[in-house]
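Engineer: Build the 3D model from these lines:
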Amino acid sequence: MLTLAALQSLQALRAIDDEETQATANQLSHPETSKRLFDQKRQSFQHYEHELNELDLKSVEAHRFRTQLKSFNQLTLEYQKVEQQNNLDQSSQKSLQQKLKEAQSELENTYRAMEKSISAAGA
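Structural biologist: Sure thing, here's the model as predicted:
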């Protein structure tokens, strides 16, 4: 159960950071600011990935979740980079949106599997 709590804690911290970054981005729409915010987001994700790698995960589900979460974060950065382009490639954007949707669904399914596994072990 410690593993699930650690993952939840890291997710909550990242969500707060994401909200703060998005609020700043909404206030400032200058291209240089967008690049700076993208770099901050990338650094935040790198730090988050390092913290995820430090977790001592015992279950297959937790390890799968960590791997999927890291992939999701990379897709998020890739999507944000595409959005910043002056000549926005609609095809790339739609493809990345679909990949993000699928990755999010996989994360949710793996998370539910972890919860079931923990519930079954505790019963």
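
Engineer: center of this structure, which residue is that?
Structural biologist: The chain has N73 as the residue nearest its centroid, 3.6 Å off, counting by CA atoms, centre = their mean.

Engineer: Would you map the helices across this protein?
Structural biologist: Ranges of helices within the chain are 2-27, 31-54, 60-84, 90-122, based on DSSP state H.

Engineer: List of residues touching the third one?
Structural biologist: Which is helix 60-84. 3-4, 7, 11, 31, 34-35, 38, 41-42, 45, 48-49, 52-53, 55, 57, 88-89, 92-93, 96-97, 99-100, 103-104, 106-107, 110-111, 113-114, 117 (CB atoms under 8 Å, 6 or more residues apart in numbering). C-beta here means a position set from N, CA and C on the backbone, and glycine is covered the same way.

Engineer: Out of the helices of the chain, indicate the one that is most buried.
Structural biologist: helix 60-84 (a mean of 17; mean count of other CB atoms under 10 Å).

Engineer: distance of L88 from V60?
Structural biologist: 39 Å (CB to CB, to the nearest Å).

Engineer: no wait, S44
Structural biologist: In terms of CB to CB, S44 sits 28 Å off from V60.

Engineer: who's in contact with Q104?
Structural biologist: Counting by CB under 8 Å, 6+ apart, Q104 makes contact with F72.

Engineer: 27 is where my numbering starts, stick with that
Structural biologist: Shifting the count to begin at 27 puts that one at Q130.

Engineer: And it, how far from D65?
Structural biologist: The gap separating Q130 from D65 is 24 Å, by CB to CB.
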